[in-house]
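1. Sequence first, predicted coordinates after that:
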Amino acid sequence: MIRKIDIESEEFQTELELTKKFTDEVCKEYGFVYNPENDVNESIQNGLTRNKLIYDRRYCPCFMVIGETQEEKDKSDNRLCPCKPALQIEIPSQGHCHCGIFCTKEYAQKIEQEQEAELAAHEHSRVLSKEECEMLLQKDNLDSSELEALLAARDEKVIDFNLVDVREWMEWVSARIKGTDYLVPTTSFYNSLSQIEEQKNKPVIVYCHIGSRSAYCQRMMRDMGYKTVSNLQYGISSYQGELLSGD
């Protein structure tokens with residue numbers, strides 16, 4: 001049976017305030033800080049409150065609660081906030097708990113820097129710094145605005161990377177992103193990749209038409225030892241910057 005909780009009710013709001021005090025105390029006791037993304041914190045605090053009302057325990061809202069009786073729940077080793085895996089494994093190794101509400105100061109600062117870099121990239125308000133470029137190049141997937149910002153920073157010699165088109169020659173001739181360094185067609189991938197086989201430590205951004213072929217090539221390049229490979233999400237079809245045509 002689904003237990004329906006009215007988050008606007010006085011009961012919920014009263015318990016929510018107690019939960020916020022509880023998470024404040026956890027941060028204070030362990031030296032954690034909250035996630036810079038407030039939506040994450042609010043969602044987890046709501047989930048902890050819900051579980052407290054249902055089970056009389058602040059079980060982690062990211063995992064199911066197993067067991068009917070309290071004894072069964074205790075034996076099932078359900079995650080009770082702040083849970084042991086978070087304190088002993090997740091936060092020390094990753095900088096944040098599984099739910100994301102509790103973070104180390106270093107991890108939170110990193111997230112804030114990434115958010116600032118992404119904001120600058122999307123607003124095109126200024127040339128990105130070297131550190132901001134390096135953070136963006138660590139992303140698995142880049143969008144059009146982020147690639148445009150990285151290309152602008154490369155033009156200013158702030159950062160260097162290779163932009164690689166993995167489509168076929170006929171597609172390249174029809175239209176390609178201005179600033180593309182190499183054509184490495186997926187159908188002759190291994191042979192064509194010899195153009196940059198000595199540049200495995202240099203960051204690479206790959207793209208195709210909609211992002212699927214380039215995602216495949218991205219995985220292969222990583223397996224081959226290329227240190228940093230990002231993919232243009234949705235490919236050239238999503239790119240809003242300048243294009244070139246011709247051989």
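-> Noted; the coordinates are in hand.
2. and Ile101, what does it touch?
-> Applying CB atoms under 8 Å, 6 or more residues apart in numbering, we find Ile101 in contact with Thr23, Tyr34, Asn35, Val40, Asn41, Ile44, Gln45. C-beta coordinates here come from the backbone N, C-alpha and C atoms, glycine included.
3. Contacts only, for the third one.
-> It refers to Asn35. Asn35 is in contact with Asn41, His96, Gly100, Ile101, Phe102, Cys103, Ala108, Ile111, counting by CB under 8 Å, 6+ apart.
4. ditto for Val40
-> By CB under 8 Å, 6+ apart, the neighbours of Val40 are Cys99, Gly100, Ile101.
5. what's the first one in contact with, if anything?
-> When the contact criterion is CB under 8 Å, 6+ apart, the partners of Cys99 are Val40, Ile44, Gly47, Cys60, Pro61, Cys62, Ala86.
6. Do you know the pLDDT at the closest residue to Cys103 other than its chain neighbours?
-> With sequence-adjacent residues excluded and distances taken as CB to CB, 6 or more residues apart in numbering, Cys103 is closest to His96, at 4.5 Å. His96 is assigned a predicted lDDT (pLDDT) of 97.
7. pretty sure His96 is touching Tyr107, no?
-> Yes - in this structure, His96 is within contact of Tyr107 by CB atoms under 8 Å, at 5.4 Å.
8. Work out for me the element Thr23 sits within.
-> Using DSSP states H and E, Thr23 sits within helix 10-30.
9. Serialize the contacts of Asn35 to TSV and add fields for secondary structure and distance to Ala152.
-> TSV is the format used below for the contacts of Asn35 (DSSP: H, G, I helix; E, B strand; the rest coil; distance: CB to CB, whole Å):
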residue	secondary structure	distance to Ala152
Asn41	helix	34
His96	strand	32
Gly100	coil	32
Ile101	coil	36
Phe102	strand	37
Cys103	strand	31
Ala108	helix	28
Ile111	helix	24
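10. What is the subsequent helix or strand relative to the helix or strand bottoming out on mean pLDDT in the chain?
-> For the chain, counting by mean pLDDT, DSSP states H and E, helix 70-75 ranks last in confidence among helices and strands (a mean of 85). Using DSSP H and E, the helix or strand that follows helix 70-75 towards the C-terminus is helix 84-85.
11. Pull out the buried positions in the helix or strand just after that next one.
-> The helix or strand immediately downstream of helix 84-85 is helix 91-94, counting by DSSP H and E. With burial defined by 16 or more other CB atoms under 10 Å, the residues of helix 91-94 counted as buried are Ile91.
12. ok, now stretch 120-131?
-> Within stretch 120-131, the residues scored as buried using 16+ other CB under 10 Å are Ala120, Ala121, Leu128, Ser129.
13. Over to stretch 101-113?
-> Buried, per 16+ other CB under 10 Å, within stretch 101-113: Ile101, Phe102, Cys103, Thr104, Tyr107, Ala108, Ile111.
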